[in-house]
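Undergrad: okay, here's the prediction I keep looking at, along with the sequence it came from:
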Amino acid sequence: MHDATSPSPRLRLAVAPGVSSSQLSALLARQRAEEPGVTLAIFEVAGDVLLEGLLEGRYDVGMSLQGYSDPALKTQLLWTETMAVAMPTRFHLFDEAKLAIADLRDYPVYRWQAEACPLLDERLASLMPVDQENLQRVTSFEMMALWVAAGYGVGVSTRSRIERAHEWGITVRPLAGGPYEIATYLQRPHAHANSTSERFERRALQVTGAGVT
């Protein structure tokens, strides 16, 4: 039982843009159910701010799409997301069950910058006509979905996000080649390790199926 005379346990979680919402929400729900006495403070920060904050002790745990190799951090792979094509449901653009990147060369392609996938982005850049602005960068998945649903082009994002946004007027098509994936990692600083963050890591692995339930 927590001692009423001591400060309440607190977990400072930093989350970078692009981390999948479905797994993260399941993890946070499990954390709240199993440790309701722990105050969870969530910080939405860019990747460089997250890394700096972990190393300086401002955050206890970080979740991002970057697998940092800094020896001062413990980095754990949590889950991977497969990239796919988002298309407007009211337009019939392709007949193929799966699309190659080359199939997209004649359409504006919208990309959310937070979901960086080096192999995919390299191949998209190499195939887009150099004299046209076919590769369009957007600041959020919602903006990508807006342009695609309105028929201005296609988008490339994680398959799970596209499927959840079906009611917005977009549909999903698999991407051939690859694999085109992004991974979510959990990071903890070795120097500031505590039992609360260790238990949070175990719950994260349980949510992904990698840990013992």
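TA: That came in fine, so what should we check first?
Undergrad: buried residues, stretch 74-90. List them.
TA: Residues of stretch 74-90 classed as buried by neighbour count (16 or more other CB atoms under 10 Å): 74, 76, 78-79, 81, 83-88. Every C-beta, even on glycine, is put in place using the N, C-alpha and C of the backbone.
Undergrad: now the lengthiest strand in the chain: average pLDDT?
TA: If you go by DSSP state E, the chain has its longest strand at strand 73-88. Here strand 73-88 scores 93 as its mean pLDDT.
Undergrad: now do stretch 54-69
TA: The pLDDT scores in stretch 54-69 average 91.
Undergrad: output that stretch as PDB, nothing but the C-alphas.
TA: Taking C-alpha atoms only, stretch 54-69 is exported to PDB below (Å, rounded to 0.1, in the frame of the first residue of the first chain):
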ATOM      1  CA  LEU A  54      15.300  10.600 -21.600                       C
ATOM      2  CA  LEU A  55      19.100  11.200 -21.300                       C
ATOM      3  CA  GLU A  56      18.600  14.200 -19.000                       C
ATOM      4  CA  GLY A  57      16.000  12.400 -16.800                       C
ATOM      5  CA  ARG A  58      13.000  14.500 -17.700                       C
ATOM      6  CA  TYR A  59      11.100  11.400 -18.900                       C
ATOM      7  CA  ASP A  60      11.000   7.900 -17.400                       C
ATOM      8  CA  VAL A  61      10.000   6.100 -20.600                       C
ATOM      9  CA  GLY A  62       9.800   7.000 -24.300                       C
ATOM     10  CA  MET A  63       8.000   5.500 -27.200                       C
ATOM     11  CA  SER A  64       9.000   6.400 -30.700                       C
ATOM     12  CA  LEU A  65       9.600   5.100 -34.200                       C
ATOM     13  CA  GLN A  66      13.300   5.300 -33.800                       C
ATOM     14  CA  GLY A  67      15.400   2.500 -32.400                       C
ATOM     15  CA  TYR A  68      18.100   4.500 -30.700                       C
ATOM     16  CA  SER A  69      21.500   2.800 -30.100                       C
END
